[in-house]
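1. sequence plus the predicted model coming up.
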Amino acid sequence: MMEKQKEAEFQISLKVLMRNGNKVLLTKGKDDIDLPGGRIDVGEESMPFEEVILREVREELGKDVKFRLGSILFMHHLGHTKEKGGILNIVFDAEYISGDIKLSHEHVSYDWVDGRTYEVQREDFFPEDQEKYEMFKNHFISLRKA
């Protein structure tokens, strides 16, 4: 009889790539691009993703920011985390509607970049996060073709 393989465990992080026309909001953590959003907290396991994302965006961008959540754009795992099993980021499209951005302590800066011309730079990501870099790069390439 074959021994059952132990399944991997991941924490889930819900992120948003917010756009305003052709502009895309990029937020930076201390050392890398870190989109608004975050992990599902204990007690939120059965909440709709939209509610978790709303809480996270309010915490990180300010309670006045209004947006319309879209579909999933891409997913990637984080290679630089110390979390057991790792973290899986699910990145959603979001259309900015209104509100002043007031960054929390989790981000050091933000910029609205032109999605059609922005060049994703490898040095904006941790060395261990090759998959994250590739997913961002491919997404911005697809915006140029749209």
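-> In hand now; what should we look at?
2. would you map the strands across the protein?
-> Using DSSP state E, the strands of the chain run over residues 11-20, 23-28, 37-39, 66-77, 87-98, 109-114.
3. using a markdown table, lay out those together with mean neighbour count and mean pLDDT.
-> (Each C-beta comes from the backbone N, C-alpha and C, glycine too.) Formatted as a markdown table, the strands of the chain follow (neighbours: other C-beta atoms under 10 Å; pLDDT from 0 to 100):
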| stretch | mean neighbour count | mean pLDDT |
| --- | --- | --- |
| strand 11-20 | 21 | 95 |
| strand 23-28 | 20 | 96 |
| strand 37-39 | 21 | 93 |
| strand 66-77 | 15 | 96 |
| strand 87-98 | 18 | 96 |
| strand 109-114 | 13 | 96 |
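4. who wins for proximity to residue 129 among those?
-> Relative to residue 129, the nearest member of the strands of the chain by C-beta to C-beta is strand 66-77, separated by 7.8 Å.
5. and the closest one, how far out from the chain middle?
-> Centroid displacement of strand 66-77 relative to its chain, using C-alpha atoms, centre = their mean, to the nearest Å, is 8 Å.
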